[in-house]
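A.B. asks: Structure, please.
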Amino acid sequence: MISTESLNPAAAESRRARRGVLAALLVLSVGSALLAPRVLAQAASAESAGAAAPVPWASLTPEQQKLLARFEDRWGELPAGRQNALARGSQNWLQMTDVQRADARRNFDNWRSMSDGDRARARQNWQRFRDLSPAQQKRLRAAYREFRQLSPERRIELRREWDAKSPAERRQMLQQMRERRLQQQQRRPQLRRGQ
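C.D. replies: I've put the predicted structure just below:
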């Protein structure tokens, strides 16, 4: 059995790209917390966990201490979860490239400009993302990477299309995507057996 994708690889690639873009739009719709730097995400999850052990200031590397110098005087007063989040965040920062740091600064500025309600929704959406299976998270990240590879004009166009849809239309579109994905997953074993 010959698949339609093997007959028209360009059309198949276009469909895959559209699916990826739609999934990326889902990422955009669930809030900027998914786009926020790892530091913010880890800080939010560590603070909510609250069961972390305190981090002694002396256990931080000299580079971390330099980054976190403004907290030194009150480090011992910070909740353990906050200490852990800051320690991990500073370590992540030190491992970032200059481009990643610029992105993180921009994302942090966006985060600070959000209203309290938007931040609360972003945190909820981040938690929803964390609740996904690793495979679902991987697919969502891949779709977002595909979306980021589109031209800025195309991304804006797709965002406008998404924003123009009602919540019901968005749900319907996402349901159709899920159904198509399920059908594709069910066809894959059949195609492999037919080879």
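A.B. asks: quick one: the helices in the protein?
C.D. replies: Along the chain, the stretches classed as helices by DSSP state H are 4-7, 9-29, 38-49, 62-67, 80-95, 98-113, 116-131, 134-149, 152-164, 167-194.
A.B. asks: so where's this structure uncertain?
C.D. replies: Across the chain, the ranges flagged by pLDDT under 70 are 1-51, 189-195.
A.B. asks: roughly how far apart are Glu161 and Phe147?
C.D. replies: Distance of Glu161 to Phe147, computed by C-beta to C-beta, to the nearest Å: 13 Å. All C-beta spots, glycine's among them, are computed from the backbone N, C-alpha and C.
A.B. asks: which one of these two has more residues nearby?
C.D. replies: Taking neighbours as other C-beta atoms under 10 Å, Glu161 and Phe147 compare with Phe147 leading, 22 against 13.
A.B. asks: wouldn't the more buried one be in contact with Glu157 here?
C.D. replies: No - the pair Phe147 / Glu157 is not scored as a contact, 11.8 Å apart, by C-beta atoms under 8 Å.
A.B. asks: ok, back up a step: could you dump the helices of the chain into JSON lines with distance to Arg74 added?
C.D. replies: Formatted as JSON lines, these follow (distance: least, C-beta to C-beta, whole Å):
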{"stretch": "helix 4-7", "distance to Arg74": "59"}
{"stretch": "helix 9-29", "distance to Arg74": "36"}
{"stretch": "helix 38-49", "distance to Arg74": "16"}
{"stretch": "helix 62-67", "distance to Arg74": "14"}
{"stretch": "helix 80-95", "distance to Arg74": "10"}
{"stretch": "helix 98-113", "distance to Arg74": "21"}
{"stretch": "helix 116-131", "distance to Arg74": "23"}
{"stretch": "helix 134-149", "distance to Arg74": "35"}
{"stretch": "helix 152-164", "distance to Arg74": "41"}
{"stretch": "helix 167-194", "distance to Arg74": "44"}
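A.B. asks: Compare those and give me the one nearest Val55.
C.D. replies: Closest approach to Val55 among the helices of the chain (C-beta to C-beta): helix 80-95, 4.1 Å.
A.B. asks: Any buried residues in the closest one, and which?
C.D. replies: Neighbour counts over helix 80-95 (16 or more other C-beta atoms under 10 Å) mark 80-91, 93 as buried.
A.B. asks: For it, name the packing helices and strands.
C.D. replies: Applying 3 or more C-beta pairs under 8 Å, 6 or more residues apart in numbering; DSSP states H and E, we find helix 80-95 packed against helix 38-49, helix 62-67.
A.B. asks: tell me the angle of it relative to helix 98-113?
C.D. replies: 140 degrees (axes from the mean of the first three to the mean of the last three C-alpha atoms, to 10 degrees).
A.B. asks: and helix 80-95, C-alpha only, in PDB?
C.D. replies: Extracted in PDB, the C-alpha atoms of helix 80-95 (Å, rounded to 0.1, in the frame of the first residue of the first chain):
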ATOM      1  CA  ALA A  80      14.000  27.500  51.300                       C
ATOM      2  CA  GLY A  81      12.000  27.200  48.100                       C
ATOM      3  CA  ARG A  82      13.100  30.700  47.000                       C
ATOM      4  CA  GLN A  83      16.700  30.000  47.900                       C
ATOM      5  CA  ASN A  84      16.600  26.800  45.700                       C
ATOM      6  CA  ALA A  85      14.900  28.600  42.900                       C
ATOM      7  CA  LEU A  86      17.500  31.400  42.900                       C
ATOM      8  CA  ALA A  87      20.400  28.900  43.200                       C
ATOM      9  CA  ARG A  88      19.100  26.900  40.200                       C
ATOM     10  CA  GLY A  89      18.200  30.000  38.300                       C
ATOM     11  CA  SER A  90      21.700  31.600  38.700                       C
ATOM     12  CA  GLN A  91      23.300  28.300  37.700                       C
ATOM     13  CA  ASN A  92      21.100  28.200  34.600                       C
ATOM     14  CA  TRP A  93      22.000  31.800  33.800                       C
ATOM     15  CA  LEU A  94      25.700  31.100  34.000                       C
ATOM     16  CA  GLN A  95      25.300  28.200  31.500                       C
END
